[in-house]
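Colleague: 3D, please:
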Amino acid sequence: MTYRIIISQNGKKKKVVHKSNDLTFINRKYFSIKDKNNVLFSKKTTSYLKTKPVKYELILMKKWDSKDIAFLDRDPLGRIIEVEDVNKKWTILYKNEYHYEETFKVFGYPKRLESKEIIKNIILKKNKGIIIKQLNYLNNKLLIHQDTNLDIILCKCPDDAKRLYKIIEEFCKYNKINNIMFTGAVGDQNKKEVYKIIVEKTGWSKNKIYRTVTRP
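Modeller: Alright, predicted model coming up:
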């Protein structure tokens, strides 16, 4: 019998991780991958062609057999449904959500950074003369104010910016880091001034600074 482990993206096969004819071996591989799949900031948005939600799943399946029992899953409303391969090629044995670590474009940095790198290289970085830092977010941009300096993290959408803000806030609270001010979303009365600061820092066009997602 042929078995395989795949990662799916929004219900479609993204890649095959393992293949085997040994059920014991493939089971061990599947649960090892599942247990080790721990990330700090899970990718929930894709910006390929256009910005949209993305869901990855880790799936263990076997070659279809007429005696197979359909896999039971839940639809978006929480109702139990049967999942079967209409082409009668594969049968699902196990299925779990899979997580990829998101990376972010940070203005002035040559490569995209993971959330833990943002914490290490920006949040925790000690700068001479700077005692208090401030974090807030505007649309899809997380802003880290340090005296006259400003770090700008571009997220794929406003929800990602808010989620990254919350993760950093929870990290600082848990680790008792007290020199960070968390001021939430930039208020309407302050947006004009913040946009001005971003333009002075980056030289971006109005179209780019007003954009709420990484793709128009």
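
Colleague: Toward the C-terminus, what is the element adjacent to the lengthiest helix in the chain?
Modeller: Ranked by residue count and defined by DSSP state H, the top helix of the chain is helix 158-174. Proceeding N to C from helix 158-174, the next assigned helix or strand is strand 180-185, under DSSP states H and E.

Colleague: strand partners of that next one, parallel vs antiparallel please.
Modeller: Using DSSP bridges, strand 180-185 pairs in its sheet with strand 133-138 (parallel).

Colleague: What is the host helix or strand of residue 197 packed up against?
Modeller: Residue 197 belongs to helix 188-202 when assigned by DSSP H and E. Secondary-structure packing of helix 188-202 (3 or more Cβ pairs under 8 Å, 6 or more residues apart in numbering; DSSP states H and E): strand 133-138, strand 141-146, strand 149-154, helix 206-210. C-beta: built from backbone N, CA, C; applies to glycine.

Colleague: quick one: contacts for residue 193?
Modeller: Listed by Cβ atoms under 8 Å, 6 or more residues apart in numbering, residue 193 has no contact partners.

Colleague: one step back: in the helix holding residue 197, which residues are buried?
Modeller: 194-195, 198 (16 or more other Cβ atoms under 10 Å).

Colleague: between that helix and strand 180-185, how big is the angle?
Modeller: 120 degrees (axes from the mean of the first three to the mean of the last three Cα atoms, to 10 degrees).

Colleague: Please work out the average pLDDT along stretch 111-120.
Modeller: Across stretch 111-120, pLDDT averages out at 96.

Colleague: And it, what's buried?
Modeller: 113, 115, 118-119.

Colleague: In helices, which of those residues appear?
Modeller: Per DSSP H, the buried residues of stretch 111-120 map to helices at 115, 118.

Colleague: wait, which of the buried residues of stretch 111-120 is closest to residue 153?
Modeller: For the buried residues of stretch 111-120, the closest approach to residue 153 (Cβ to Cβ) belongs to residue 118, at 6.3 Å.

Colleague: what about that closest one, distance to residue 208?
Modeller: 21 Å (Cβ to Cβ, to the nearest Å).

Colleague: domains in the protein, as residue ranges please.
Modeller: Following automatic domain parsing, one gets these domains for the chain: 3-98, 103-210.

Colleague: Mind listing what's buried along the one helix or strand residue 30 maps to?
Modeller: Using DSSP H and E, residue 30 falls within helix 23-36. The neighbour-count check on helix 23-36 (16+ other Cβ under 10 Å) flags 26-27, 29-30, 33 as buried.

Colleague: Can I get those in JSON lines including pLDDT and distance to residue 177?
Modeller: JSON lines is the format used below for the buried residues of helix 23-36 (pLDDT from 0 to 100; distance: Cβ to Cβ, whole Å):
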{"residue": "26", "pLDDT": "96", "distance to residue 177": "44"}
{"residue": "27", "pLDDT": "96", "distance to residue 177": "42"}
{"residue": "29", "pLDDT": "97", "distance to residue 177": "39"}
{"residue": "30", "pLDDT": "97", "distance to residue 177": "38"}
{"residue": "33", "pLDDT": "98", "distance to residue 177": "33"}
